[in-house]
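> Below: sequence and its predicted model.
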Number of protein chains: 4
Amino acid sequence: MGPDRMGAFSDGVIAILITIMVLELKIPRDTDLRALVPVAPVLLTYALSFIYLGIYWNNHHHLLLATHRVSGGILWANLHLLFWLSLIPFTTAWMGENRFASVPTAAYGVVLLMAAVAWWILQQRIIVTQGKASILRRAIGHDWKGNVSPLMYLLAIVLAADARWVSLGLYALVALLWLIPDRRIERALVSRHGKD
Amino acid sequence: MGPDRMGAFSDGVIAILITIMVLELKIPRDTDLRALVPVAPVLLTYALSFIYLGIYWNNHHHLLLATHRVSGGILWANLHLLFWLSLIPFTTAWMGENRFASVPTAAYGVVLLMAAVAWWILQQRIIVTQGKASILRRAIGHDWKGNVSPLMYLLAIVLAADARWVSLGLYALVALLWLIPDRRIERALVSRHGKD
Amino acid sequence: MGPDRMGAFSDGVIAILITIMVLELKIPRDTDLRALVPVAPVLLTYALSFIYLGIYWNNHHHLLLATHRVSGGILWANLHLLFWLSLIPFTTAWMGENRFASVPTAAYGVVLLMAAVAWWILQQRIIVTQGKASILRRAIGHDWKGNVSPLMYLLAIVLAADARWVSLGLYALVALLWLIPDRRIERALVSRHGKD
Amino acid sequence: MGPDRMGAFSDGVIAILITIMVLELKIPRDTDLRALVPVAPVLLTYALSFIYLGIYWNNHHHLLLATHRVSGGILWANLHLLFWLSLIPFTTAWMGENRFASVPTAAYGVVLLMAAVAWWILQQRIIVTQGKASILRRAIGHDWKGNVSPLMYLLAIVLAADARWVSLGLYALVALLWLIPDRRIERALVSRHGKD
C-alpha cells in the first residue's frame, strides 16, 4: 500500500475533527452582547485547537512526502495518532466551558502530550521501515521542536494545578513554535532530488 | 506542495460545514404544522448560509485553478479563511433561533466580514507568491465585488441595531451578487492558454 | 471545470449526510430491551433514509458519468439538490421520533419531492448544456421511474393526514423501485463506445 | 464503475464514523478528577470501537485491492456493510454510558455480528462476480478469522446476560485477532504479479 490512501483517510479525519469542534460551541439563549461572555473562552480554546490540528495536518503531509511504503505497523501508528487527535474536541470543550479550570487544563495538555508521543512513534516506525538511508531520519536531524514540545506539555500539566495561566501560555507558545512550517523535510527532499 | 491537497482539504471542511449546519436544526417536539413556525427562521438562515458556503466553495475552486505553488504562508492564510467559515454554523443558529435579534444578526455579519477579509489576505498571498506576472492579479482586475461586499457587511452590522431587516436584505443581496460564478479567472486562464 | 470535483464534493456531502443521521438516534437511558421500543421507529426511518441517500449517491455517480462539462448553472443545480438532501436527516428524525405522525410524515415526503424536482432540474440543465446529441437525453429515454416517483410522493403527502401507513408504504415502494441501479445510462455509454 | 469511487465513499463514511463517536462523549460539568470517572467506560468503549472501525477500514482497503469490477449488487452489499458500521457509535454510547449493562453489551455484539455478516456477503458477492479464477477466493483460503469472529460475537451476546465481562473480553479478543493486518490478500496479489 502506498501512503496516498493513508494520507487521504488522515486528511478526512483531521478535516472532520477541525470542523466538528464548532458543534461543541453552545448557542447562547440570550441575544445581548453579554451572552457572548461565556462563549469567549470556548471560542479562544477552539481557535487554539484549530491551530494545533492545522499544524498536525501540515506536518502530517510533510511526513508522508518522505514516506514511500506503508507497513501494517505504520498504519496502526497512524491510527494511534488519530485517536489522540480525536480527543482534542473533548478536552477543548471541557477546558473552554469551565473557564480554564485546573483539571481540564491539565487534561488538555495530557491529550496534546499523548498526541506528541504518538507522532514520535509514527516517525520512528517510518524511519525503521526505511532502513539506514532513511530520508526522514536525515530530514529530522536534531529535532529540537519535537524534543522540546513534550517537555513543555509536561510542564504545563504540572503547573495547571497552581498556575493554569502559565499552562495556557505554554500551550500557545508550543503552537507558535510549530506555526512555522517544517522546512527540514522539504529541504532534505530537495537536496536528494538535487543529487539525482 | 501543489494546490491539490490544500484544495481537497478545504473541500472536505466546506462539505462538512455545509452539512453539519443541519444538526443545529432542532427537531420540533410537536407534530402539527405550527411546530414548524419556530423552525422557519432557522431554515431560512440555513438556506442563506448554505448559499454562502456554496459560493465560497465555488470561488475557492476557481482561486486554486490560478494557483500553482502553495507556500507555508498560503497554507495558513487558507486555514485562517476556513476558521472564519467554520463559525458560520454558530452564527447561523444563533441568529435563526432568535428570530433575527439585533446582536446575533450583527454577529452573523461580523463572521461574514472576517471571512471576506481572510479571503482577501489569501488572494494577496497568492498574488505575492506569483510575482509580477501573476495570472490571478490579471484575473481579478478591478475586483468590484470583492471591494463592495465588505462594505455591505459593515453597513449591515451597523444597521443591525435599528434596522435588522435591512441587514438581512444586505446579506441576501451580497449572496445574490456572488451567485453568478466568477468568470474572470476562467477567462484569464483561457486567454493565457490561447497565447501558448 | 470537469465533473470530477463536483462529484467529489457531492460524494463528501452525501457521505456526511448518510452518517450524521445516526447522531439523531437518541441513546436510551434505560438498559432493558423495552428501552429500544421508542428507538425502533427512528431506526426504521433511518434505514429508509439510508437507502434513499444510497440511491441518490449511486444515481448521481451515473449521472456524472454522462456529463463532460460543468457550467455554473449545473453547479448550482447540484447544490440545490444537495440542499434538499441535507434536510433528510431533519425530517427523518421528526418523523421517527413521533411514531410517524401525520404532519412529519407529510414533511418527509415534501423533502423527497423537492429532492426529486431538484434532480429533474439538474438532469435538464445537463441535457441543455450537451445540446441535441446529448448522451444523457438518449440514456434517460422514457424516464418512467423519474416520472412516477414525484407522483407517488405527492400521493403520499396527501394521504399522510388520513392514511399515514399508506404514505410510508409508498415511500418504501419508491425506494424499492430505485434500488435496481439505473442501467440505462450505462447502456447508452456502452453503445456509444461501441460505435466509436 | 471501478472500485475507486466506492472505496473513496466508504473511506469517507468510515472516517466520519470513527470521528463523530467523540461527539457522544458528554463533556463533564464538574472540573475535578472524579468528573472523569463516569467518562472512563465511555472512553474505553470508544477506544475499542475506534480499533474495530480501523480494522474494517484496513481490511476494506485490502478487499478492494482484489476487486476490479463493481456491480450493482456489490455496491449495495457495500452500503449494507456501511449501514451496520454506522450503528457502532450508537451501541458504543449506549454500552459505555451504562457501565456495560447486559442488554447494551449484547446490542454492541449484535451490531458487530451483523457487520461481520454484511462483510461476508460483500466478500461472496465479489467472488461470484470474479468467477472461478477469483483472486479473492484464493486470497481468503481457509478464512479462519472470518469464521471464528461471528461465533465469538454470538457467544458474547449470549453471555452478556450473566457474564458481561466475559462478553467484553471476547470483543477485545476479536479486535486483537484482527489487529494483525490481513496479509493473505497481499500475498495472493504479489504471487499473481510474480506469475505475470
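Good, I have the coordinates.
> Low-confidence ranges, chain A, go.
A:1-2, A:139, A:141-142, A:180-196 (pLDDT under 70).
> Point out the residues in it that sit beside chain B.
Neighbours of chain B within chain A, by Cβ under 8 Å from any Cβ of the partner chain: A:7-8, A:11-12, A:14-16, A:18-23, A:25, A:27-28, A:31-33, A:35-36, A:47, A:50-51, A:54, A:57-58, A:61, A:65, A:179-181, A:183. No exception for glycine: its C-beta is placed from N, CA and C like everyone else's.
> A:D11: what secondary structure?
At A:D11 the chain is in helix, as set by DSSP: H, G, I helix; E, B strand; the rest coil.
> The residues of chain A next to chain B also near chain D: which ones?
Applying Cβ under 8 Å from any Cβ to the residues of chain A next to chain B, those adjacent to chain D are A:8, A:12, A:16, A:20, A:23.
> Which strand or helix spans A:A107?
Using DSSP states H and E, A:A107 falls within helix A:102-130.
> Check which helices and strands that helix is in contact with.
Identification of packing neighbours for helix A:102-130 by 3 or more Cβ pairs under 8 Å, 6 or more residues apart in numbering or on different chains; DSSP states H and E yields helix A:39-65, helix A:72-86, helix A:88-97, helix A:135-140, helix A:144-159, helix A:164-179.
> Export the ones next to chain D among the residues of chain A next to chain B to a markdown table and append columns for neighbour count and secondary structure.
Output for those, formatted as a markdown table (neighbours: other Cβ atoms under 10 Å in any protein chain shown; DSSP: H, G, I helix; E, B strand; the rest coil):
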| residue | neighbour count | secondary structure |
| --- | --- | --- |
| A:A8 | 18 | helix |
| A:G12 | 26 | helix |
| A:I16 | 27 | helix |
| A:I20 | 23 | helix |
| A:L23 | 19 | helix |
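> pretty sure A:T19 is touching B:I18, no?
No. In this structure A:T19 lies outside contact range of B:I18 using Cβ atoms under 8 Å: 10.3 Å.
> Which of these two has more residues huddled nearby?
B:I18 (29 against 26; other Cβ atoms under 10 Å in any protein chain shown).
> Can you tell me the closest non-neighbouring residue to the more buried one?
B:L53 (4.5 Å; Cβ to Cβ, 6 or more residues apart in numbering or on different chains).
> distance of A:A156 from chain D?
Note on A:A156: its distance to chain D, by Cβ to the nearest Cβ, to the nearest Å, is 17 Å.
> Give me the number of neighbouring residues for that residue.
The number of residues packed near A:A156 is 26, by other Cβ under 10 Å.
> That one reaches A:V166, doesn't it?
Yes. Contact status for A:A156 versus A:V166: in contact at 7.4 Å, counting by Cβ under 8 Å.
> count of neighbours near the residue lying closest to A:T129 once chain neighbours are set aside?
Excluding the flanking residues, the one nearest A:T129 by Cβ to Cβ, 6+ apart is A:S71, at 5.5 Å. By the criterion of other Cβ under 10 Å, A:S71 has 14 neighbours.
> Minimum distance to D:P3: which of the helices and strands packed on helix A:102-130 has it?
helix A:72-86 (19.4 Å; Cβ to Cβ).
> Show me what that closest one is packed against.
helix A:3-20, helix A:39-65, helix A:102-130, helix D:3-20, helix D:39-65.
> That one to helix D:164-179, inter-axis angle?
Here the directions of helix A:72-86 and helix D:164-179 differ by 130 degrees (axes from the mean of the first three to the mean of the last three Cα atoms, to 10 degrees).
> Can you mark which positions in helix A:72-86 are buried?
By 16 or more other Cβ atoms under 10 Å in any protein chain shown, the buried positions in helix A:72-86 come out as A:74-86.
> ok, so of these, who is nearest A:A172?
A:L85 (18.5 Å).
> tell me the contacts of that closest one?
A:13-14, A:17, A:53, A:56, A:115 (Cβ atoms under 8 Å, 6 or more residues apart in numbering or on different chains).
> can you do 7 Å?
A:14, A:17, A:53, A:56, A:115 (Cβ atoms under 7 Å, 6 or more residues apart in numbering or on different chains).
> What of A:S134?
So A:S134 contacts A:I127 (Cβ under 7 Å, 6+ apart).
> how close does it get to chain B?
For A:S134, the distance to chain B equals 21 Å [Cβ to the nearest Cβ].
> if I look at that residue, how far off is chain D?
For A:S134 relative to chain D (Cβ to the nearest Cβ), the value is 22 Å.
> ok, that residue to C:A172 distance?
57 Å (Cβ to Cβ, to the nearest Å).
> Over to A:M6?
40 Å.
> Kindly report the same for A:G146.
In terms of Cβ to Cβ, A:G146 sits 56 Å off from C:A172.
> what about A:D32, how many neighbours?
Neighbours of A:D32 (other Cβ under 10 Å): 12.
> That one and B:V103 touch, don't they?
Yes. Counting by Cβ atoms under 7 Å, A:D32 touches B:V103, with 5.7 Å between them.
> ok so, going back, please convert the buried members of the contacts of A:L85 into PyMOL selection syntax.
Typed into PyMOL, the line below selects the buried ones among the contacts of A:L85, using 16+ other Cβ under 10 Å:
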select buried, chain A and resi 14+17+53+56+115
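> Check the contacts of A:L85 against D:G109 and report the nearest one.
A:L17 (28.5 Å).
> Now that that closest one has come up, it's in contact with D:I18, right?
No. Contact between A:L17 and D:I18 fails when scored by Cβ under 7 Å: they sit 10.2 Å apart.
> circling back to that earlier point, could you check which of A:M6 and C:A172 is surrounded by more residues?
The neighbour count for A:M6 versus C:A172, taken as other Cβ under 10 Å, is higher for A:M6 (21 against 13).
> How many residues are close by A:V22?
Neighbour number of A:V22 under other Cβ under 10 Å is 23.
> Specify the local secondary structure of it.
A:V22 - assigned by three-state DSSP - is helix.
> so it touches B:F90, yeah?
Yes. Using Cβ under 7 Å, A:V22 makes contact with B:F90 at a distance of 5.9 Å.
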